[in-house]
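Chemist: Build me a model:
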Amino acid sequence: MQYRNSVLSHWFVYEWIKRFKNGHTSINHEEETGCPSTSITDANIERVHDMILQNRRVTIYEVAH
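Modeler: Got it, this is the predicted structure:
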């Protein structure tokens with residue numbers, strides 16, 4: 001297996017397919033607990049965007065760290 005833990009599981013893909021068939025238009029999770037997310041900020045979004053522009057093969061693991 002070439003990508004190992006850097007790819008999405010089949011479960012996530014199937015879950016997204018089910019959500020899109022039910023009318024969802026985004027793969028983002030809705031806030032389920034009512035607690036605000038502290039990691040999704042404009043600064044973090046920009047940092048991840050820059051990482052992807054510099055290396056389009058960056059892995060989810062690399063972005064997380």
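Chemist: what about residue 48, neighbour count?
Modeler: 13 (other Cβ atoms under 10 Å). Quick note: C-beta positions are derived from backbone N, CA and C, even for glycine.
Chemist: meant to ask about residue 15
Modeler: By other Cβ under 10 Å, neighbour count at residue 15 equals 13.
Chemist: Also residue 59?
Modeler: 14.
Chemist: What separation is there between it and residue 65?
Modeler: Counting by Cβ to Cβ, to the nearest Å, the gap from residue 59 to residue 65 is 10 Å.
Chemist: Residue 16 too?
Modeler: From residue 16 across to residue 65, the span is 24 Å (Cβ to Cβ).
Chemist: Neighbour count for the two, which is higher?
Modeler: residue 16 (14 against 6).
Chemist: how about that one, secondary structure?
Modeler: Three-state assignment for residue 16 (DSSP: H, G, I helix; E, B strand; the rest coil): helix.
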